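> The following block contains a protein sequence and its predicted model.
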Amino acid sequence: MNGYDPAKWHLLFQSAATSSGALAGLIFIGLSANIGRLVEFDKKLKQRPMIGRAREALIGLLSVLVIGIVALTPGIPHGALAALIILTAAVSAVSPVLASLSFTREALGRVVVLQRLTFALIFSLCLLACGVTLAIGHGGGLFWLPAIYIIAIVQASGNSWVLVVEIGRGIPVRPTRDRRIIGAEIRPRPAKNRHSRGR
């Protein structure tokens, strides 16, 4: 199969656009049902980890949806599609940047943030590789799309589970003021005793 002719990939584009649109709709429904708990959770942490998860899930699915819809345009040049994919990669790069900014202050543990950062970064890089190789005519082209779709689905599914199921069960949160975060566990800092120095 030619990885540089969008006309030969219509079935994949159609399937991806349909499934990503349905998943994005389900995420919107889940957010609407739990928006109060999500906002309350973020207020407790004085951060926005749940909003960040929702953003990452929707960016991935909406990127797949937009690419699929545009690629189904009859007679679209591969250069125009490549430009769209590169633009989508630039937009999706917002997620790993924001996730990296919360790496040192995420109250749920750095491992969680690192996982989010990894998936978001790989997704953006695969989009960029797809667009660039499609534009230059070698290096894979549209054969990058299956990896992009799988990453988007896995990322959206994991974040949706947290947004709908875990937030519904209630994720335990402890005050993080004057405390040290070790992994996913929050431990208080030992109190300093000035009188103990002279003993």
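Good, I have the coordinates. Numbers count the residues shown, from 1 in each chain.
> what about the residue nearest to L72 when sequence neighbours are not counted, which helix or strand?
Nearest non-adjacent residue to L72, counting by Cβ to Cβ, 6 or more residues apart in numbering: F13, 5.3 Å away. C-beta here means a position set from N, CA and C on the backbone, and glycine is covered the same way. Taking DSSP states H and E as the definition, one finds F13 inside helix 10-45.
> gap between that helix and the chain center?
Distance of helix 10-45 from the chain centroid (Cα atoms, centre = their mean, to the nearest Å) equals 11 Å.
> in the chain, what secondary structure element scores lowest on mean pLDDT?
Within the chain, no helix or strand scores below strand 179-182, which has a mean of 40 by mean pLDDT, DSSP states H and E.
> Whichever strand or helix holds V91: which residues count as buried?
Following DSSP H and E, one finds V91 within helix 78-92. Judged by neighbour count using 16 or more other Cβ atoms under 10 Å, the buried positions of helix 78-92 are H78, L81, A82, L84, I85, I86, T88, A89, S92.
> CSV please, covering these and showing distance to F143 and pLDDT.
As requested, the buried residues of helix 78-92 are arranged in CSV below (distance: Cβ to Cβ, whole Å; pLDDT from 0 to 100):
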residue, distance to F143, pLDDT
H78, 13, 88
L81, 14, 95
A82, 14, 95
L84, 17, 96
I85, 13, 96
I86, 16, 96
T88, 17, 95
A89, 16, 94
S92, 19, 89
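> mind giving me TSV with the residues you listed and columns for distance to T118?
Rendered in TSV, the data for the buried residues of helix 78-92 read as follows (distance: Cβ to Cβ, whole Å):
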residue	distance to T118
H78	30
L81	27
A82	26
L84	25
I85	21
I86	22
T88	19
A89	16
S92	14
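> I'd like the distance between the residue nearest the centre of the chain and Q115.
For the chain, the residue nearest the mean C-alpha position is E56 (2.9 Å; Cα atoms, centre = their mean). For E56, the distance to Q115 (Cβ to Cβ, to the nearest Å) stands at 11 Å.
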